[in-house]
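A.B. asks: Attaching a predicted model along with its sequence, questions to come.
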There are 2 protein chains.
Amino acid sequence: MTKAYIHGYNPRENIRLQDQATTLVDLLHSDTTYPEGSRVLEAGCGVGAQTVTLAKNSPGASILSVDISENSVAQAEQKVRAAGLINVRFQQGDIYQLPFAPQSFDHIFVCFVLEHLKEPNAALRKLKSYLRPGGTITVIEGDHGSAYFHPDSDAAHAAIHCQVELQFRAGGNALIGRSLYPLLVTAGYSDIWVSPRMVYVDSSKPELVDGFTKKTFTAMIEGVRQSAIEKGIIDPAMFDKGIEDLYRTTEPDGIFCYTFFKALGKA
Amino acid sequence: MTKAYIHGYNPRENIRLQDQATTLVDLLHSDTTYPEGSRVLEAGCGVGAQTVTLAKNSPGASILSVDISENSVAQAEQKVRAAGLINVRFQQGDIYQLPFAPQSFDHIFVCFVLEHLKEPNAALRKLKSYLRPGGTITVIEGDHGSAYFHPDSDAAHAAIHCQVELQFRAGGNALIGRSLYPLLVTAGYSDIWVSPRMVYVDSSKPELVDGFTKKTFTAMIEGVRQSAIEKGIIDPAMFDKGIEDLYRTTEPDGIFCYTFFKALGKA
């Protein structure tokens, strides 16, 4: 699991994840609020990039955030404490075998986690067992196949494909966003509703040009350069041209599009 | 121009265009309403697939719909009359050289037209000259590069690429949707706002599975089979597999995504 998390655990990655959450926070999270007193499980909190938002948006909820990485859990806790939030507890745990009694939670929140799992369906089934009848699961995932841009560029698509390919080889799925509906159906959830959240970036939105296209998406792709080249997925010249072309989309006449998928299901 | 319109002018195409407008009408058009007494030019009305909606949504506006094809104009007029609408006049005309005085219109509406033009920028500049200062242009275009689906399929992408390639060879651009912002900037419009309209289809939306994925998008791609094969863009087996895979996305676990772009600019 830990090794399969291809984004890595370095500080720049943490900044990227945090930037991502800050820039996209309204788009992805503003409609997730849990009632006073509800018991919420955040499964796969990572370094807490989403936890602060989750906790702020539901101050009355009692949140338990878990992650397989002890180190990430510690960073997440530090981040949440620094934000002065007191409604989150933390615990290390494996999403496939969490130590909870059936129906221990009212709601479960899963963000940017399924994309890294070898068996997302097994994880979703397990999570369902921890929900009370009628409890909800909220899942948010990206989909790198949803990225397109102007000017269009084969090299840029090839560079993005490196990330997709590496994630597949690590047992994950960087195209999982589009599949949330059938995944939740197969895992036994009902009343499933999927809401795509498209990030459309043109130069009238400088904060997204910088915060999303450059510092979130392109930085993430740049991060796999060495692995992709070492594994022979791409040659250095093509990769570098791809990154150059991704930055080209941030010029005044450039456009960048990417879609996240947010799904809601009932236990 | 007429020959370059690769969707053709056959009855099935007309049904498809009409289905498209009916299925997507809310998504694309519900926020386009023109005030009482305003002079509106619909540039490139085709067979009137959008004209009926346009006229219904702005009953007090005085709409002039033009198209380069005399035959299409006649069909559009018939359709609008059959709907009992009296606020639309019709006229044959070439979008590059319409016989209007400067500043003759308050608003211009252009839908699924720029994708077929060799010089969309020249057309947009010309159209701007017919707008009064502060008048608006509304442009709606698709983008075939925005199509992705589950299960993913290289053959399906190759079949879609046939349409893109044929449209490029005819002087058009089936990926124009994403470029509306820079197009309007270059043509001299101000206060430009682009709103992507994503069609997300899962099996909880049977009317979109049937009306959009099958009868609009896949039917359109199917329509280029002969041209694509004759021009050597694809072999028949690959094309047919692509179409089969597009239909596969309409099964209960399938997903289909496509994005239209709606842009607004001021003269």
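C.D. replies: In hand now; what should we look at? Numbers count the residues shown, from 1 in each chain, chains lettered A, B, ... in the order given.

A.B. asks: Any part of stretch A:230-247 near chain B?
C.D. replies: No: applying Cβ under 8 Å from any Cβ of the partner chain, one finds stretch A:230-247 out of contact with chain B, separated by at least 14.4 Å. C-betas here are computed from N, CA, C, even on glycine.

A.B. asks: Need the CA coordinates for that stretch. CSV is fine.
C.D. replies: Below are the C-alpha coordinates for stretch A:230-247, written out as CSV (Å, rounded to 0.1, in the frame of the first residue of the first chain):
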residue,chain,number,x,y,z
GLU,A,230,13.5,4.9,-15.7
LYS,A,231,10.7,2.5,-16.5
GLY,A,232,11.0,3.3,-20.2
ILE,A,233,7.4,4.6,-20.6
ILE,A,234,8.6,7.8,-22.4
ASP,A,235,11.9,9.3,-23.5
PRO,A,236,13.1,12.5,-21.8
ALA,A,237,12.7,14.8,-24.8
MET,A,238,9.1,13.8,-25.3
PHE,A,239,8.3,14.1,-21.5
ASP,A,240,9.9,17.5,-21.3
LYS,A,241,8.1,18.7,-24.4
GLY,A,242,4.9,17.5,-22.8
ILE,A,243,5.5,19.5,-19.7
GLU,A,244,6.5,22.6,-21.7
ASP,A,245,3.2,22.2,-23.6
LEU,A,246,1.2,21.9,-20.4
TYR,A,247,2.8,25.2,-19.2
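
A.B. asks: who's in contact with the residue nearest the centre of chain A?
C.D. replies: The centroid of chain A falls nearest to A:F112 when counting by Cα atoms, centre = their mean (2.1 Å). Residues near A:F112 by Cβ atoms under 8 Å, 6 or more residues apart in numbering or on different chains: A:17, A:44, A:46, A:50, A:140-142.

A.B. asks: Tabulate the residues you listed (a markdown table), appending secondary structure.
C.D. replies: A markdown table is the format used below for the contacts of A:F112 (DSSP: H, G, I helix; E, B strand; the rest coil):
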| residue | secondary structure |
| --- | --- |
| A:L17 | helix |
| A:G44 | coil |
| A:G46 | coil |
| A:Q50 | coil |
| A:I140 | strand |
| A:E141 | strand |
| A:G142 | coil |
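
A.B. asks: Using pLDDT, spot the least trustworthy of those residues.
C.D. replies: Among the contacts of A:F112, A:L17 carries the lowest pLDDT, at 49.

A.B. asks: Could you list the contact residues of the stretch 101-250 of chain A toward chain B?
C.D. replies: Going by Cβ under 8 Å from any Cβ, the residues of the stretch 101-250 of chain A near chain B are A:143, A:145-146, A:148-150, A:152, A:175, A:178-179, A:181-182, A:185-186, A:192-194, A:196, A:198, A:200, A:202-204.

A.B. asks: doesn't A:D106 fall inside a helix?
C.D. replies: No: note on A:D106: no helix contains this position according to three-state DSSP, which reports strand.

A.B. asks: Tell me if I'm right that it and A:R39 touch.
C.D. replies: Yes: with contact defined as Cβ atoms under 8 Å, A:D106 counts as touching A:R39 (5.0 Å).

A.B. asks: which parts of stretch A:45-57 are buried?
C.D. replies: Residues of stretch A:45-57 classed as buried by neighbour count (16 or more other Cβ atoms under 10 Å in any protein chain shown): A:45-56.

A.B. asks: What is the end-to-end distance of it?
C.D. replies: When the termini of stretch A:45-57 are compared using Cα to Cα, to the nearest Å, they are 16 Å apart.

A.B. asks: Unless I misread the structure, A:V25 falls within a strand.
C.D. replies: No: under three-state DSSP, A:V25 falls outside any strand and is assigned helix.

A.B. asks: Tell me if I'm right that it and A:T53 touch.
C.D. replies: Yes: between A:V25 and A:T53 there is a contact at 5.3 Å, judged by Cβ under 8 Å.

A.B. asks: Contacts only, for the residue nearest to A:K56 when sequence neighbours are not counted.
C.D. replies: Nearest non-adjacent residue to A:K56, counting by Cβ to Cβ, 6 or more residues apart in numbering or on different chains: A:L85, 6.8 Å away. With contact taken as Cβ under 8 Å, 6+ apart, A:L85 is in contact with A:52, A:55-56.
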